[in-house]
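Participant: Curious how this folds, go ahead:
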Amino acid sequence: MVLVTVTLIGAFLLAFKSVLVEGSEVAILAFATIRQLGKKNVLAGVGLGGLGSIGIFFVVRELLVASSMIPGLTTQTSEVPVDLITGVIILYFSYRFLRGFVKYYFGGKSFRAKMEKMSAEVIEEDRKKSASVAKTISGSEMEAQQLQFSFANSLPVISVTLTEGFEASLVLGAASSLTAQAPLYVLLGAIVSLVVLIGVCTVSYDYLMRVPRWLLDLIAGVVLLSFGSYFLGSGLYVVLTHGSV
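Facilitator: Numbers count the residues shown, from 1 in each chain. Okay, here's the model as predicted:
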């Protein structure tokens, strides 16, 4: 009972922190580029990137669930592959977040500068995609043309959203495969996180920039480190006590 409770709490927290941290970057980028790229292009990019991330989530989850059905596994060892793979995935992203904490807190790096650079790169990529159009129209017309909705103009935002969403989807997919009830808690954690993000952005997206990035990375890193170690340790314990998987 305690094991199940810890797993479900872990699923909720992992989903909440992953979506909050990765989603905040997408939200900041979306607001920073919406004037240059246009609202429809940005919303389409975030929406399509989000759908792609959901697809990645289901693929990761199904692969992990299938790993518990490997021939030769017993009732006691059927969850070992899921625990081991989940632990490794979560610990990897824990390292990523803790490395970010060290970079921003001790290394003097600026999260605001990073996001401004990413925004500039997204806008520049969009301009390059519109280079062929620029050859036939004037500068002012080109600016107006760039603000028109098109799949090509939303591609830079899709790319960034997919990149951030891929990282979150790996963690969510791993967490949701732990128990039969885990997907519900993962969904709940993701929804709560999105509600928080949307609420903050509704007031002012600049609040996302005011929250110390090193603090978010530290909290996320510690949460992932704790549960990643727990799941990896659980898998290793079963292997040691029941023999090879």
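Participant: Could you tell me which helix of this protein is the longest one?
Facilitator: Counting residues, the longest helix found in the chain (DSSP state H) is helix 2-37.
Participant: elements contacting that one?
Facilitator: When contacts are defined as 3 or more CB pairs under 8 Å, 6 or more residues apart in numbering; DSSP states H and E, helix 2-37 sits against helix 39-67, helix 80-105, helix 111-129, helix 151-176, helix 182-203, helix 206-210, helix 213-242. (Glycine included, C-beta is placed from N, CA and C.)
Participant: which residues of this protein score low on pLDDT?
Facilitator: Where the chain drops to pLDDT under 70, the residues are 1-3, 129-147, 243-245.
Participant: Geometrically speaking, which residue is the centre of this protein?
Facilitator: Centrality entry for the chain: nearest residue to the mean C-alpha point is Ala168, 2.5 Å, by CA atoms, centre = their mean.
Participant: related to what we said a few turns ago, most tightly packed of the helices and strands packed on helix 2-37?
Facilitator: Counting by mean count of other CB atoms under 10 Å, helix 151-176 has the highest mean neighbour count of the helices and strands packed on helix 2-37, with a mean of 22.
Participant: what is the orientation angle of that one with helix 39-67?
Facilitator: Angle between the axes of helix 151-176 and helix 39-67 is 30 degrees (criterion: axes from the mean of the first three to the mean of the last three CA atoms, to 10 degrees).
Participant: Offset the numbering so it begins at 742, please.
Facilitator: Yes, from this point I'll number from 742; that puts the last item at helix 892-917.
Participant: Any idea how far helix 892-917 is from the middle of the chain?
Facilitator: 7 Å (CA atoms, centre = their mean, to the nearest Å).
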